[in-house]
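Peer 1: What follows is a predicted protein model with its sequence.
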Amino acid sequence: MRPTSKNSVADPVAHLVAWHDGDHRAAIQTLMEDVRHLREQLALATAAMSAGYTRGWMPSEERDAR
């Protein structure tokens, strides 16, 4: 979901909750759906790329992976 205005938002968390009319559960649910989607996209990209293409680097779901 994208806001229609192009104004920068000082607090992205407040903006997210406001986007969902103050419903914190709906905001978290949207974020969880986004995480699921991005993990699926990461899995597809990992399966499609070769180690030679990335010089040995492979993506990981872990945040601290190097």
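Peer 2: Perfect, thanks for sending it. Numbering: from 1, shown residues only.
Peer 1: Please count neighbours and contacts with C-alpha atoms only from this point.
Peer 2: Will do.
Peer 1: pretty sure residue 17 is in contact with residue 24, am I right?
Peer 2: Yes - Residue 17 lies in contact with residue 24 (Cα atoms under 8 Å); the separation is 5.9 Å.
Peer 1: Which strand or helix spans residue 44?
Peer 2: helix 24-48 (DSSP states H and E).
Peer 1: Over to residue 15?
Peer 2: Residue 15 belongs to helix 12-19 when assigned by DSSP H and E.
Peer 1: roughly how far apart are residue 48 and residue 55?
Peer 2: According to Cα to Cα, to the nearest Å, residue 48 and residue 55 sit 15 Å apart.
Peer 1: Same question for residue 35.
Peer 2: Applying Cα to Cα, one obtains 27 Å for the distance of residue 35 from residue 55.
Peer 1: the more surrounded of those two?
Peer 2: Taking other Cα atoms under 10 Å, residue 35 and residue 55 do not tie; residue 35 has more neighbours (12 against 8).
Peer 1: Need the per-residue pLDDT for that one.
Peer 2: We have a pLDDT of 94 for residue 35.
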